[in-house]
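> Give me coordinates for this.
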Amino acid sequence: MLDLGIVIVSYNTCDLLRECLNSVYASEGDFSHSVCVVDNCSADDSAGMVRAEFPQVRLIESGVNGGYAYANNLGLRHFGFAHPIPNPQYPISNPQYPTPNSPRYALLLNPDTALPANALADMLAFMDNHPKAGIAGPKLVRQDGSLDLACRRSFPTPEVSLYRMSGLSKLFPNSPRFGRYNLTCLDPDQLAEVDSVVGAFMIVRREAIEQAGLLDETFFMYGEDLDWAYRIKQHGWRVWYNPAVTVLHIKEAASKHSDRARYEFYRAMVIFYRKHYAAQTSLWLHWLILAGIAVRCRLDMWGRALRSRLHRQQVQETVSC
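Numbering: from 1, shown residues only. From the prediction side, this is the model:
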């Protein structure tokens, strides 16, 4: 049986994808793995690069950019994992269910990551040594060496979301109460059981996938990893942050300047809240939460538009001079 099936979703990150794949194939250790790259309608010839330089990769060129969850599910189904929670907008033909040849573990890996040689072997060993672990993720660091805060999180309950949206989490990052969303109260080098790690590097046990299903394709991007962890934990599995392994994460390489990405970030908040918390939330708090997300989204989009306009004006003034 294959030890690890790696799914990498690519969207206009050709150069980063090349470096990511090089780091994967430079991995050391006694384990078997296979890589599936799903290209989400890139316009930078990412698919052509993979075909030319990495013929050992299974390349899937999606006919539609159905989002991050949709594309990952294409790759996971290639490895024979469970049928996903469907998105009616993108119907699934010929659904595949787990087969005896499915890998022991699946790994969601972003193309803007670079792995040290021991990362895959050490994460596999960690999962093997923690049989109740359904999901695990490493310590992710940015290019400047800072911690990628998303690599260990609590679920965004109404209370946790309130602390984050009100700014209390930034004012009191070391508070066990106010700093719960990104767990800024914990030592970044401390092994910890958490609610969720991030889909940039998320290793998941086959049996947990069989029980919880795949990613919910209602999420276009953002939130699908939190939702997956939530559902997997509902089946009794544990989620671990393992800082003994450190991985470089460029972060938002394909979405940094995208208005669609920011909109989807807030849309994911609403989907996650409605799916997991709305039914238990009092009516006044329910509308307060939805209004708060809407206001934050609008202010964020206005701020982005203003910064973009000022940047264009500065460029024009520079050219005029």
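> any idea how far the most centrally placed residue in the chain lies from Arg152?
Most central in the chain under C-alpha atoms, centre = their mean is Gly199, positioned 2.3 Å from the mean C-alpha point. Using C-beta to C-beta, to the nearest Å, we find Gly199 at a distance of 13 Å from Arg152. Heads up, the C-betas are built off the backbone N, CA and C, glycines and all.
> Then Leu21?
26 Å.
> Next: Leu4.
Taking C-beta to C-beta as the measure, Leu4 falls 22 Å from Arg152.
> which one of the two has more residues nearby?
Arg152 (29 against 22; other C-beta atoms under 10 Å).
> Now that one: phi and psi?
Here is the backbone geometry of Arg152 (degrees, to the nearest 10): phi -150, psi 120.
> Then His33?
Dihedral angles (degrees, to the nearest 10) for His33: phi -150, psi 160.
> In a strand, Pro243, correct?
Yes. Assessed with DSSP: H, G, I helix; E, B strand; the rest coil, Pro243 lies in a strand.
> What is the neighbour count of the closest residue to it other than its chain neighbours?
Among residues not flanking Pro243 along the chain, Lys139 sits closest, at 3.9 Å (C-beta to C-beta, 6 or more residues apart in numbering). Neighbours of Lys139 under the rule other C-beta under 10 Å: 20.
> what secondary structure does Lys139 sit in?
Under three-state DSSP, Lys139 falls in the strand class.
> ok, it - contacts?
Neighbouring residues of Lys139 by C-beta atoms under 8 Å, 6 or more residues apart in numbering: Leu147, Cys151, Pro188, Asp189, Tyr241, Asn242, Pro243, Ala244, Val245, Thr246, Val247.
> Run through the residues that contact the residue nearest to the centre of the chain.
Tyr68, Asn72, Leu108, Asn110, Glu224, Asp225, Trp228.
> quick revisit: and the residue nearest to Pro243, how close does it get to Ala133?
16 Å.
> following the helix or strand containing Gly48, which helix or strand comes up?
Gly48 belongs to helix 46-53 when elements are defined using DSSP states H and E. Counting by DSSP H and E, the next helix or strand C-terminal to helix 46-53 is strand 58-61.
> model confidence over that following strand, on average?
Mean pLDDT, strand 58-61: 96.
> Can you name the element that comes right after that strand?
helix 68-78.
> CA-only coordinates of the helix or strand following that next one, as CSV, when you get a sec.
Once helix 68-78 ends, the next helix or strand along the chain (criterion: DSSP H and E) is strand 105-109. Provided in CSV are the C-alpha atoms of strand 105-109 (Å, rounded to 0.1, in the frame of the first residue of the first chain):
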residue,chain,number,x,y,z
TYR,A,105,-2.3,9.1,4.4
ALA,A,106,-3.3,12.1,2.2
LEU,A,107,-1.3,15.3,2.2
LEU,A,108,-2.8,18.6,1.0
LEU,A,109,0.2,20.7,0.0
